[in-house]
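>>> got a predicted model here, sequence first, then my questions.
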Amino acid sequence: MLNMNLQFIEEKDSQKTKRAKAAQAKKEAALHDPTWAEVWETGYITKTGKQKPGILQMNLTATDKARLLDVKKAIEAGEIGTGLDSNKTLTKTKALEIYRGLMNQRKTGILREMVEKTPTNYRLIQTVPQLRRLVEDLERETFVALDTETTGLNVYQDEIVGLSLSLPVADYHVYIPVAHKAGKQLDRDLVLEALRPMLTNPDLGKVLHNAKFDIHMLIRHGVRMKGLLHDTRIAMALLNENETSYALKNLATKYGKYFGFQEESHTFDELFGKTRFDDVALDVALVYAAKDTHLTLEFYKWQKEHLQKRDKLLQLHRDIENVLVDVCVDMEQTGLLIDREFAAEYGDELRAEIVAAEAKLKKAFGDINFNSPSQLAKVFYDDLKLPDNNKRSTDVKTLKALQGEHDGIKTLLEYRGLTKLLGTYVDALPEKIQTDGRLHGSFNQVQTVTGRFSSNDPNLQNLPPKARKLVIAPKGMLILGSDFSQIEPRILAHLSGDEHFREPYLLGQDLYSTLASRVFKVPIEECRDGSIYRKKMKIGLLAVMYGTSMFTLSQQLGISIEEAQEFIRDFFTSYPGVHKFILSVHESVKKDEFVETIDGRKRRFSGHREQAKAYDALARKICSITGTAEVPANFWKIKEIPRALKEAYQKVKGPVESVRRQSVNAIIQGTAADVMKKALLQVHAYCKSKGWELFATVHDEALMLVSDQITPAEVREIENCMLSAVDLNVPMKVDTELMKRWGEGIKKSEWFNQAA
DNA sequence: TCCGCGGGCCAC
DNA sequence: AAACGTGGCCCGCGGA
């Protein structure tokens, strides 16, 4: 209920939905764009300069559309002139030119106004006495807000040019310039040394927005910050995982009215664009930077109130996410050692194979760019007249189906694999190596709606086995990877409480074999590892957990839709607790418009209640006509159902079923993410005590660098760290591998056997 | 030259 | 008529 009074509940579209929506929007914009017509009013000018009346049919990007509306408003308000005679029509080019001028005019105006309105308790620290006074005042604080301004965003290369601090007790906000190109200021090292006791004091709480960045920057200048109290970016992600932007200024613009910041806040980009912060004049820098920590401080107080009203979320924040920041920083600092020689050789090898494949492809398909789907589609479906099924797709699935039609397709598939491996991994990874010789990817603990980690620049969570081989352990060290075995099915077993589903885990039997034997009603001997029953069951369970449609399942299993339906029916009959659990999630998300993990992480689905009610009502109506318990899969073909009813049902079916799939998945995936985060905290602490280092996490796996003298007992310790994060009503299992080179892991038992 | 988008594809 | 959850990166392509 508490969620209702806040504007937290917004739905962020998945990448897939976003793409679909964008495509649709583009289509519509291309057909008819009244916005543009409004701006032009009298018509439009064609490329050749001819003026035409009527509505312009032009494909406008959403950005341009917004810009033109902005220009229109500004002209009407007299903010800016068009510079045109009144009888002339505005061209698109001219309108965008006016827009640029308008932006510059506004920017200058905003900055001037900001400086003029600098609050009296915003202060520049430019002299030693001022700094000394600041340090004295800091001693009376229990927490402060902190931020760094830098030359750029690369935490391994860029530098701090200033620090801002907000002092709640002393009630003032400072900016300490240390490396601006102009203006009176103190030396960076001197300032950092003066602040070091305070920065490294774990008992003085620090409040930051996106603390990871500033902690990295401070490490770069030799200071390891301690005492992170609250990260407003992380807290915001917990309070609303659907937020479209987590930039502080955007959040302030949206939520500032709740904590005393009425006016619009402008992002760095809006105000400074590509200007480096050390080029910014000090009076401007003060008002911009001090406002940052001022905002952060007030935002923190406001967020704290809301967290305190939500026990579980507060705990999740305090005990998991907040303390995880340091783990994340360490993980990124450790980075990965890349075998450059191996990468170079492997790259050459791949390049040779690609050249050979290209020659074959040229013979088969002509001199086109084989990386271009549009050029390939032209050759396949226009020239060679291959069956296109109205899709003209060139993806792997389609190509595999077409393999029999043309000899060159097999080569194209090989070529795809080779170029993907080379371009995305083998060539790309070494290029990201920083000056310290290590590859430092970024791990983000609050970038996903479910609570999983994401990774980027480069993404270390999607390296295929062949690319993992580029990563090696430094001398005297080994790579150790521990992963939770079947964590998501185990969580489903726990949450559903299904006796039969839990049984194999309690008895230490193979889950998929047991499931297969029960569902397919065949002896367990026929369902062992490698059997077709077990394989099908694995796909089937994924379908159950993620709510796959019968169509997709039938495709994946190579059976008819009816057989797929029967399979799922049999599964639910065999495991009624699982069925009950899934239905109960559907019910609760319909009632609450959110679901939560065991640790209280929420995923919210705004507006679902309404749609789910409509969907259920329409489904009942259809069922009353067909006389069935559920809407038949082939309802479109049933003549007795009125067309309008079919259409109304179809319209809500997609979104409602999508939310249902997402909600079941969010609980399972999100709980697994919570478990992994707790495990990382334990593993990190243990590694630190040993002088070892965590360097990555891949959803259900923790990867670390350990001594090559590691003992079996120490491996058990690590596994126990992982297991201590789990509290389910079925046992958890952790598998550990050791290796010199990632992707060449050897099970711990074999590793120690062979060493002995 | 840079940007955004779409198709495609890698991981769990 | 549309068809499975969570992510990020590469390339081509069209537009500024």
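Arrived safely, thanks for sending.
>>> from here on, contacts and neighbour counts on C-alpha atoms
Noted.
>>> mind checking how far the residue in the stretch 251-400 of chain A that DNA strand C sits nearest to is from A:Phe213?
Relative to DNA strand C, the nearest point of the stretch 251-400 of chain A is A:Ser372 (3.8 Å; C-alpha to the nearest atom of the strand). According to C-alpha to C-alpha, to the nearest Å, A:Ser372 stands 38 Å off from A:Phe213.
>>> please list the residues of the stretch 351-500 of chain A that sit near DNA strand C.
Within the stretch 351-500 of chain A, the positions adjacent to DNA strand C are A:369, A:371-375, A:420, A:423-425, A:428, A:447-450, A:454-459, A:461-462 by C-alpha under 7 Å from any atom of the strand.
>>> check whether the helix ranked longest in chain A contacts DNA strand C.
Counting by DSSP state H, the longest helix found in chain A is helix A:643-690. Yes. Counting by C-alpha under 7 Å from any atom of the strand, DNA strand C has neighbours in helix A:643-690: A:654, A:658, A:661-662, A:665-666.
>>> and these as CSV, adding neighbour count, distance to A:Asp735 and pLDDT?
Shown next, in CSV, are those (neighbours: other C-alpha atoms under 10 Å; distance: C-alpha to C-alpha, whole Å; pLDDT from 0 to 100):
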residue, neighbour count, distance to A:Asp735, pLDDT
A:Gly654, 11, 39, 88
A:Ser658, 12, 34, 89
A:Arg661, 19, 29, 90
A:Gln662, 20, 28, 91
A:Asn665, 18, 24, 92
A:Ala666, 27, 25, 93
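>>> just name the closest of those residues to DNA strand B, please.
Nearest to DNA strand B out of the residues of helix A:643-690 next to DNA strand C is A:Asn665 (C-alpha to the nearest atom of the strand; 11.0 Å).
>>> now for the closest residue to that closest one other than its chain neighbours, how many residues are close by?
In space, and not counting its chain neighbours, A:Asn665 is closest to A:Tyr546: 5.8 Å by C-alpha to C-alpha, 6 or more residues apart in numbering. For A:Tyr546, the neighbour count with other C-alpha atoms under 10 Å is 17.
>>> any idea how far A:Ile668 is from A:Tyr546?
Using C-alpha to C-alpha, A:Tyr546 is found at 10 Å from A:Ile668.
>>> likewise A:Asn104?
Counting by C-alpha to C-alpha, the gap from A:Asn104 to A:Ile668 is 49 Å.
>>> need the residues that contact the strand or helix carrying A:Met545.
If you go by DSSP states H and E, A:Met545 is part of helix A:532-546. With contacts defined as C-alpha atoms under 8 Å, 6 or more residues apart in numbering, helix A:532-546 is touched by A:512-513, A:515-517, A:520, A:526-528, A:548-549, A:553, A:556-557, A:568, A:661-662, A:664-665.
>>> could you pull up phi and psi at A:Leu694?
phi -80, psi 140 (degrees, to the nearest 10).
>>> ok, now which ones touch it?
A:330-331, A:334, A:683-684, A:687, A:702-705.
>>> now those residues in a markdown table, with neighbour count, distance to A:Ile532 and pLDDT?
Formatted as a markdown table, the contacts of A:Leu694 follow (neighbours: other C-alpha under 10 Å; distance: C-alpha to C-alpha, whole Å; pLDDT from 0 to 100):
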| residue | neighbour count | distance to A:Ile532 | pLDDT |
| --- | --- | --- | --- |
| A:Asp330 | 19 | 44 | 97 |
| A:Met331 | 23 | 40 | 96 |
| A:Thr334 | 20 | 43 | 97 |
| A:Val683 | 27 | 38 | 97 |
| A:His684 | 26 | 40 | 97 |
| A:Cys687 | 16 | 41 | 98 |
| A:Ala702 | 24 | 31 | 97 |
| A:Leu703 | 23 | 32 | 97 |
| A:Met704 | 24 | 36 | 97 |
| A:Leu705 | 26 | 38 | 97 |
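>>> farthest pair within these?
For those, the maximum inter-member distance is 14.7 Å, found between A:Thr334 and A:Val683 (C-alpha to C-alpha).
>>> name the nearest residue to A:Ala252, ignoring sequence neighbours.
Nearest to A:Ala252 is A:Ser265, by C-alpha to C-alpha, 6+ apart, at 6.3 Å.
>>> how about the contacts made by that neighbour?
Each residue near A:Ser265 by C-alpha under 8 Å, 6+ apart is listed here: A:249-250, A:252-253.
>>> among these, which are in helices?
Taking DSSP H as the definition of helices, the contacts of A:Ser265 contribute A:249-250, A:252-253.
>>> ramachandran angles for A:Met225?
Main-chain torsions, A:Met225, degrees, to the nearest 10: phi -70, psi 140.
>>> repeat for A:His173
Residue torsions, per degrees, to the nearest 10, at A:His173 are phi -130, psi 130.
>>> ok, the residue nearest to A:Asn665 to A:Leu492 distance?
Relative to A:Leu492, A:Tyr546 is positioned 11 Å away (C-alpha to C-alpha).
>>> same check, this time on A:Ala672
In terms of C-alpha to C-alpha, A:Ala672 sits 10 Å off from A:Leu492.
>>> which of the two has more neighbours?
Applying other C-alpha under 10 Å to A:Ala672 and A:Leu492 shows that A:Ala672 carries more neighbours, namely 25 against 22.
>>> that one and A:Pro489 touch, don't they?
No. If you go by C-alpha atoms under 8 Å, A:Ala672 and A:Pro489 don't touch, sitting 9.9 Å apart.
>>> show the pLDDT at the residue in the stretch 151-300 of chain A positioned nearest to DNA strand B.
Nearest residue of the stretch 151-300 of chain A to DNA strand B, counting by C-alpha to the nearest atom of the strand: A:Lys274, 9.1 Å away. As predicted, A:Lys274 sits at a pLDDT of 75.
>>> wait, is it part of a helix?
No. Secondary structure of A:Lys274 (DSSP: H, G, I helix; E, B strand; the rest coil): coil, not part of a helix.
>>> number of nearby residues for it?
Around A:Lys274 there are 10 residues (other C-alpha under 10 Å).
>>> do you know how far it is from A:Lys362?
Using C-alpha to C-alpha, A:Lys274 is found at 44 Å from A:Lys362.
>>> what residues does A:Val223 make contact with?
Taking C-alpha under 8 Å, 6+ apart, one finds A:192, A:196, A:199-200 in contact with A:Val223.
>>> now with 7 Å, please.
Applying C-alpha atoms under 7 Å, 6 or more residues apart in numbering to A:Val223 gives the contacts A:Arg196.
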